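Asker: Turn this into a structure:
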Amino acid sequence: MRLYSLSVLYKGDPRARLLKAAYDVSSFSFFQRSSVQEFMTFTSQLIVERSPLGSRASVKEQEYLCHVYVRSDGLAGVVIADTEYPPRVCFTLLDKVLDEFSRQVSRVDWPSASPASVAYAALDGYLSKYQVGPRP
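Answerer: Numbering: from 1, shown residues only. So this is what the prediction gives:
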């Protein structure tokens, strides 16, 4: 069971904007890592753009399962995991991350923010904490 990506996006019109992301591409060869990361960023944006507000879905893309949650306020989260990772845990993680993000980052900044300008450092910690599944 592996998590590869955890992203927070804003579903704008017409495009989704990446606000912050964490990746674990250590299981890929050194030469594949940047293209795998680009694929995950692109896929996350595409899935958010195609998902209606207030929806949750799991989408299979190549050998990955992408879990997306788009809140009614436009804030969205995507977890990219292998197919063995439990979807329920992914959606619990997305709930927690989006709630925390919305408390720490002002809503007025979402439409214009970028990963470099957003001060939210918890994604890497969540990605590693949930890597082997939830702990009691």
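Asker: so where do the strands sit in this structure?
Answerer: If DSSP state E is used as the criterion, the strands of the chain fall at 3-11, 16-23, 55-61, 64-70, 75-82.
Asker: Listing request: residues of this protein with sub-threshold pLDDT.
Answerer: Counting by pLDDT under 70, the chain contains low-confidence residues at 132-136.
Asker: give the contact list for the residue nearest to residue 66 when sequence neighbours are not counted.
Answerer: Distances taken as CB to CB, 6 or more residues apart in numbering place residue 59 nearest to residue 66, at 4.7 Å, with adjacent residues excluded. Using the backbone N, CA and C atoms, a C-beta is placed for each residue, glycine as well. Residues in contact with residue 59, defined by CB atoms under 8 Å, 6 or more residues apart in numbering, are 47, 65-66, 68.
Asker: Tabulate the strands of the chain in a markdown table, adding columns for distance to residue 99.
Answerer: Formatted as a markdown table, the entries for those read as follows, by distance: least, CB to CB, whole Å:
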| stretch | distance to residue 99 |
| --- | --- |
| strand 3-11 | 11 |
| strand 16-23 | 14 |
| strand 55-61 | 14 |
| strand 64-70 | 11 |
| strand 75-82 | 9 |
